[in-house]
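Student: Attaching a predicted model along with its sequence, questions to come.
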Amino acid sequence: MHQPPTTFPVDGAAICNKRMQAGLEVTDLAVAAGITGSYLRKIERGIRKHVGPGPYTRLRAALNATDDELLDPTEVPPERK
């Protein structure tokens with residue numbers, strides 16, 4: 001039986017770039033994704049390299065982005081290889 005990953009390896013710089021392209025401030029995206037601005041800043045700076053499924057899904061939706069755009073290409077989950 002296939003289980004979803006427990007965390008997603010994200011590319012913080014890509015998330016930051018998508019946020020800026022969308023014209024969103026850190027606090028705007030954080031509210032839309034249901035996370036704190038502090039947590040989002042840690043993701044964007046690469047301090048937090050893995051994000052849980054809930055926050056990741058909400059970030060992806062808020063940015064109208066794909067997995068290919070937001071996941072760290074050097075650390076692709078096994079089911080995506």
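Tutor: That came through, no problem. Residues are numbered from 1 along each chain as shown.
Student: Tally up the residues packed near Ile43, please.
Tutor: 25 (other CB atoms under 10 Å). In short, each C-beta sits where N, CA and C put it, glycine included.
Student: Give the helix, strand or coil label for it.
Tutor: The assignment at Ile43 comes out as helix when based on DSSP: H, G, I helix; E, B strand; the rest coil.
Student: Need the pLDDT of it.
Tutor: We have a pLDDT of 98 for Ile43.
Student: Quick check: chain neighbours aside, which residue is closest to it?
Tutor: What sits nearest to Ile43 in space, not counting adjacent residues and going by CB to CB, 6 or more residues apart in numbering, is Gly12, at 5.1 Å.
Student: Would you confirm that that neighbour contacts His50?
Tutor: No: if you go by CB atoms under 8 Å, Gly12 and His50 don't touch, sitting 10.8 Å apart.
Student: between the two, who's got more neighbours?
Tutor: Each of Gly12 and His50 has its neighbours counted (other CB under 10 Å); Gly12 has more, 20 against 14.
Student: Next up, the contacts around the residue nearest the centre of the chain.
Tutor: The residue lying closest to the centre of the chain (CA atoms, centre = their mean) is Tyr56, at 4.8 Å. Residues near Tyr56 by CB atoms under 8 Å, 6 or more residues apart in numbering: 7-8, 10, 70.
Student: Walking through this protein, point out its strands one by one.
Tutor: Applying DSSP state E to the chain gives strands spanning 8-9, 50-51.
Student: Next, work out how far apart the residue nearest to Ile43 and Asp68 are.
Tutor: Distance, Gly12 to Asp68, using CB to CB, to the nearest Å: 16 Å.
Student: Quick one: residues contacting Thr6.
Tutor: 52-53.
Student: Tell me the pLDDT of the closest residue to Gly46 other than its chain neighbours.
Tutor: Nearest residue to Gly46, sequence neighbours excluded (CB to CB, 6+ apart): Gly12, at 4.5 Å. Here, the pLDDT recorded for Gly12 equals 97.
Student: Burial check on Leu70, number of neighbours?
Tutor: Residues lying near Leu70 (other CB under 10 Å) number 21.
Student: How much space separates it from Thr57?
Tutor: Computed as CB to CB, the Leu70 to Thr57 distance reads 11 Å.
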